[in-house]
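Trainee: sharing a model that was predicted from the sequence below.
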Amino acid sequence: MTPLTRHDILLMMPEKTIESIAVRRLDILDEQGNADISLLSPLSAEEIRKMYASLVLARTFDQRALHLQREGRIGTYASILGQEAAQVGSAFALGKSDWVFPSFRETGVYLTMGYPPHQLFQYWGGDERGMVSPQGLNIFPISIPVGTHIPHAVGAAMAAKYRKDPIAVAAYFGDGGTSKGDFHEGFTMAGVFKSPVVFLCQNNQWAISVPRERQTAAKTLAQKAYAYGFEGIQVDGNDIFAVYKACRDAFGKARSGGGPTFIECVTYRMSHHTTADDATRYRQESEVEAWKERDPLLRLKRYMEKQGLWTEQYRQETEEGAKRTVDGAVRTAEALPPPHPEEMILSTYAELTPRQAKEIEDF
Amino acid sequence: MPKMNMVQAINLALKEEMERDPDVVLLGEDVGKNGGVFRITEGLHSLFGAERVMDTPLAESGLVGAAIGMAVYGLKPVAEIQFMGFIYPAVDQIFSHAARIRSRSRGRFTCPLVIRTPYGVGIKSPELHSESSEALFCHMPGIKVVVPSSPFAAKGLLTSAIRDPDPVLFLESTRLYRLVKEEVPEGEYTLPLGKARVVQEGKEITVIAWGSMLHKALQAVDGYDAEVIDPMTLRPFDEETILSSVKKTGRVVIIQEAPKTGGFGAELSATIAEDAMLHLKGPVLRVAGCDAALPLARLEDAYMPSVERMRRAFDGIMKY
Ligand SMILES: Cc1ncc(C[n+]2csc(CCOP(=O)(O)OP(=O)(O)O)c2C)c(N)n1
Ligand SMILES: [Mg+2]
């Protein structure tokens, strides 16, 4: 070995840490319904009752949709059972002018935003008219392709920024969606353009049969945001107060020029992937059982009991109200006249092509 | 000989090829423990292990791109895309790389890859679960496109596709998966790529249909003296069988599930016009899906070529 020279010694460079990230995790409400009041958002009793009612509506709709599917009255359906808090809590934080880009498992978001429930039945029943958002509701049609709508949300946010509209855009997707190239490209754009977009991932632990740990070797999904230059935070997705607070903060930051945020809501898909799936083929029933104790509705109910916001009469009214809404929605959806074949052709372009005009004649 | 549906026949072809050749590996979303959403790979994960039957993250471009890398390295990957509507994120990999690696390296590297994917209307499912965009892939030199219409054909063609030295897109009709059962030999047999099958002989009309449309066409031709041809491979397609039939009948009806404009029927029609024009008694007709985005379940039937529309075309051409 050649001896070190004075010159070599001078050139020794100790390795430095040039960046380290810390990923925050937010919990407010525990499984017994105890809340950390220092973190609790200022919500009135009325607002909390409304939150719970929204959870019940989401669950009631979901259970009915599963029934209708079994009876052959709607097609394949993706249940939201277990994910209601992530959906209702985030939608509660949205403002009237904000925009939403959903995936296919956002029934609770739609309902909380005031989307007509009969249209959701209509959509899952195989009728595109169910996706016609009422005017004034900025909710984009469901993206069946996983994750490919993420850049759309970024683009809408870039457009809002360009027009100086003080709004936020929310993009919803699952843990599986974080593996898509479009996730990477969308996040890259959002960071570079500092777009007013909030990425809401419901990490429900499964992408059909692929468990979360086979989706990415990263320890959390939230940490991915740091590679794109913005903040990621993990929240307990079955804790409606934590979801609400993280979203409210992130939407507020987006509206006031602070740029994007990524929120990973840790939750669980209690049901099969869709009605076409059989989850018993790939996951243990004990895992599902363990998550039952973390039920988001149960947790808020326990909190309300402790706070004296819970009465038997309230429970009954809430459940009956949800049932009435859902019953009415099913009736309305099923009473609609069937779509006319012309519609699929007429909605291709603003104007018919000559060939299409001929096709319509041939019907 | 055992009777099998298409799911079982494809599963058996995969199993036998994996037993025969250790370079054959499977990869895709939910193909492992779950056995694929249509159960095509059922049992293969426990038989061959997670190294050979790989559940990938949800990343079509990534999994097809990786399959290309494996193929170039020397393996024989069979990638599954869960539904044809989700192959679009991988199109860049297929068009820009799989299709061109042989040509780009002047044969130094090749891409013996199979991409299997369910296609077509058939299971009343959400948007983009029913696409038949075969024409897009047929347009691309360097890719072969195969569409079996029966369990027997599926096994023989898939075996050939796996052994083929070039990339093959293998399209499996969701409607046919469990519709027909027929005798399928266990053990090795192959059907050559690029060869059509005359399903039924006839003298007055040549009817060309593939995949699930073949079955509808066979109902529709009842009462007509029609020769029915199943191309089985769309690229490269069997010009000889088709042209000799056209020369005999002088009348052609092409049936495709895909929208009419720019569909594979247009290629067939143009070839017939070029090479058999003087044998034709009337125009080459196409019965196709509507020129519209494939609708959800409630309008699927209106979109699809019906037996009635096919018969209208047969009656029309028989006037010549
Ligand atoms: C691009 C694309 N690939 C595959 C599919 C088929 N598919 C539908 S949902 C799904 C899993 C999605 O998992 P995740 O993103 O975690 O959402 P979750 O279903 O859990 O809500 C897959 C593979 C699809 N819809 N889109
Ligand atoms: Mg998931």
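Mentor: Now that the structure is in, tell me what you want to look at. Ligands and ions are numbered 1, 2, ... in the order given.

Trainee: could I get the pLDDT score of A:Glu361?
Mentor: A:Glu361 carries a pLDDT value of 89.

Trainee: and the helix or strand encompassing it, what does it pack against?
Mentor: Assigned by DSSP states H and E, A:Glu361 belongs to helix A:354-362. Helix A:354-362 is packed against helix A:342-346, with contacts defined by 3 or more Cβ pairs under 8 Å, 6 or more residues apart in numbering or on different chains; DSSP states H and E. C-beta here means a position set from N, CA and C on the backbone, and glycine is covered the same way.

Trainee: wait, what's in contact with the residue nearest to A:Asp239 when sequence neighbours are not counted?
Mentor: Leaving aside its sequence neighbours, A:Asp239 sits nearest to A:Leu29 (Cβ to Cβ, 6 or more residues apart in numbering or on different chains; 4.5 Å). Contact analysis of A:Leu29 by Cβ atoms under 8 Å, 6 or more residues apart in numbering or on different chains lists A:Ala35, A:Asp36, A:Asp236, A:Asp239, A:Ile240, A:Phe241, A:Ala242, A:Arg299, A:Leu300, A:Tyr303.

Trainee: for A:Leu29, which residues count as its bridge partners?
Mentor: Beta-bridge partners recorded for A:Leu29 (DSSP bridges): A:Ala35.

Trainee: share the number of residues neighbouring residue 50, please.
Mentor: Picked chain A for this. When counting by other Cβ atoms under 10 Å in any protein chain shown, one arrives at 16 neighbours for A:Lys50.

Trainee: can you look at chain B instead?
Mentor: 12.

Trainee: does residue 54 count as helix, strand or coil?
Mentor: By default, I'm working from chain A. Here A:Ser54 is helix, with the state taken from DSSP: H, G, I helix; E, B strand; the rest coil.

Trainee: other chain: chain B
Mentor: strand.

Trainee: which one is it nearest to, not counting chain neighbours?
Mentor: B:Leu27 (4.1 Å).

Trainee: for ligand 2, see how far away the one you found is.
Mentor: Relative to ligand 2, B:Leu27 is positioned 20 Å away (Cβ to the ion, to the nearest Å).

Trainee: buried sites along the helix holding A:Glu361?
Mentor: Going by neighbour count (16 or more other Cβ atoms under 10 Å in any protein chain shown), the buried part of helix A:354-362 is A:Gln356, A:Glu359.

Trainee: Provide the secondary structure category for the closest residue to ligand 1 within the stretch 1-150 of chain A.
Mentor: Proximity of the stretch 1-150 of chain A to ligand 1 (Cβ to the nearest ligand atom) peaks at A:Val146, 3.7 Å away. When classified by three-state DSSP, A:Val146 comes out as coil.

Trainee: if I look at the residue nearest to it when sequence neighbours are not counted, how far off is ligand 1?
Mentor: Computed as Cβ to Cβ, 6+ apart, the closest residue to A:Val146 that is not its neighbour in sequence is A:Gly177, at 5.1 Å. Relative to ligand 1, A:Gly177 is positioned 4 Å away (Cβ to the nearest ligand atom, to the nearest Å).

Trainee: surely A:Gly177 touches A:Cys201?
Mentor: Yes. If you go by Cβ atoms under 8 Å, A:Gly177 and A:Cys201 touch, sitting 7.0 Å apart.

Trainee: chain center to the helix holding A:Glu361: distance?
Mentor: The chain centroid and the centroid of helix A:354-362 are separated by 40 Å under Cα atoms, centre = their mean, to the nearest Å.

Trainee: list the contacts of that helix.
Mentor: Taking Cβ under 8 Å, 6+ apart as the rule, helix A:354-362 contacts A:Glu342, A:Ile345, A:Leu346, A:Thr348, A:Tyr349, A:Leu352, B:Lys260, B:Thr261, B:Cys290, B:Asp291, B:Ala292, B:Arg309.

Trainee: look at the fourth one and report its pLDDT.
Mentor: On the pLDDT scale, A:Thr348 is placed at 95.

Trainee: that one: what's it in contact with?
Mentor: Contact analysis of A:Thr348 by Cβ under 8 Å, 6+ apart lists A:Gln356, B:Asp291, B:Ala292, B:Ala293.

Trainee: with the first one instead?
Mentor: Applying Cβ under 8 Å, 6+ apart, we find A:Glu342 in contact with A:Ile360, A:Phe363.

Trainee: got it, and the fifth one?
Mentor: For A:Tyr349, the residues meeting the contact criterion (Cβ under 8 Å, 6+ apart) are A:Gln356.

Trainee: tally of neighbours for residue 258?
Mentor: Just going to use chain A. For A:Gly258, the neighbour count with other Cβ under 10 Å is 15.

Trainee: let me rephrase: I mean chain B.
Mentor: Other residues within reach of B:Ala258, judged by other Cβ under 10 Å, total 22.

Trainee: so it, which of the three states?
Mentor: Criterion first, three-state DSSP; result for B:Ala258: strand.

Trainee: need the contact list for the residue nearest the centre of chain B.
Mentor: When Cα atoms, centre = their mean is applied to chain B, the residue found nearest the centroid is B:Val147 (2.0 Å). Listed by Cβ under 8 Å, 6+ apart, the contact set of B:Val147 reads B:Tyr119, B:Glu134, B:Leu171, B:Ser173, B:Trp210, B:Gly211, B:Pro231, B:Met232, B:Thr233, B:Leu234.

Trainee: just those that are near ligand 1?
Mentor: Applying Cβ under 6 Å from any ligand atom, the subset of the contacts of B:Val147 adjacent to ligand 1 is empty.

Trainee: top of these by neighbour count?
Mentor: B:Trp210 (30 neighbours).
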